[in-house]
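**Student:** need a 3D model of the following:
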Amino acid sequence: MKLTRPFTIVALAGICAIAAFSQDTRAQDANEASKIKKGYSIAPVPLNLAGKNIGLVGLGSYIVNAQGGCSDCHTNPPFVAGGDPFLGEPTVINQAGYLGGGTAFGPFVSRNLTPNRFGRPANLSLDEFLFVMTTGTDVKGIPPFVPSVEGDLLQVMPWPVYRHMTERDKRAIYEYLRAIPCVGSAQRCGT
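**Tutor:** Next comes the predicted model:
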């Protein structure tokens, strides 16, 4: 009987932990589902979902458009005339330049994050994108240069914060960027 009681307590604790984990997992799934749904409702441009992970695209849109503020720097100008919320106007995102880069921050200029004709956002592979988001390393070598141990470091971009995102969140951003329209020349966009 003495051996059974500790076993029973451990078994009950295990069952309670599994139940709590199951409830927490369901809550996390519901939370992510609401982010995905919201991501689709706030996407300011039409999305090309062919061959994309639908869940990651929606989650990526949520991160880019509701949390990351990516458009504020990577869309120039971010709002159309009469659509600037900072002037008390109803928000209207500049769809024609959405995430196409070009905003100057002193000597630094924000990059074009849209997919090129090969479907690569910012002309980066997924592995390169994850590397950049995690280390802040400028893999393109565009001046001005800010040397580090890894290579040149991106300035202005808040990669020191973004590097702490989960890999799933970074992959979701990449998948969303794959789904948005290309901004740039006919040669870049393949049109």
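
**Student:** so how far is Pro160 from the nearest residue to Val146 once chain neighbours are set aside?
**Tutor:** Of all residues not flanking Val146 in the chain, Leu153 sits nearest, at 4.7 Å (Cβ to Cβ, 6 or more residues apart in numbering). Yep, even glycine has a C-beta here, placed from its N, CA and C like the rest. Between Leu153 and Pro160 the distance is 10 Å, computed by Cβ to Cβ, to the nearest Å.

**Student:** what touches both of those two?
**Tutor:** Residues touching both Leu153 and Pro160 by Cβ atoms under 8 Å, 6 or more residues apart in numbering: Gly136.

**Student:** check what pLDDT the residue most central in space within the chain gets.
**Tutor:** When Cα atoms, centre = their mean is applied to the chain, the residue found nearest the centroid is Ile173 (2.8 Å). Ile173 is assigned a pLDDT of 98 by the prediction.

**Student:** contacts for whichever strand or helix holds it, please.
**Tutor:** For Ile173, the host element (DSSP states H and E) is helix 167-179. Contact partners of helix 167-179, identified using Cβ under 8 Å, 6+ apart, comprise 39, 47-49, 52-53, 56-61, 63-64, 68, 99, 113-115, 119-122, 126, 129-130, 133-134, 162.

**Student:** my read is that Pro121 contacts Leu113, right?
**Tutor:** Yes: Pro121 is within contact range of Leu113, at 5.6 Å (criterion: Cβ atoms under 8 Å).

**Student:** quick one, helices of this structure?
**Tutor:** Counting by DSSP state H, the chain has helices at residues 4-42, 54-62, 70-74, 126-135, 159-162, 167-179, 186-189.
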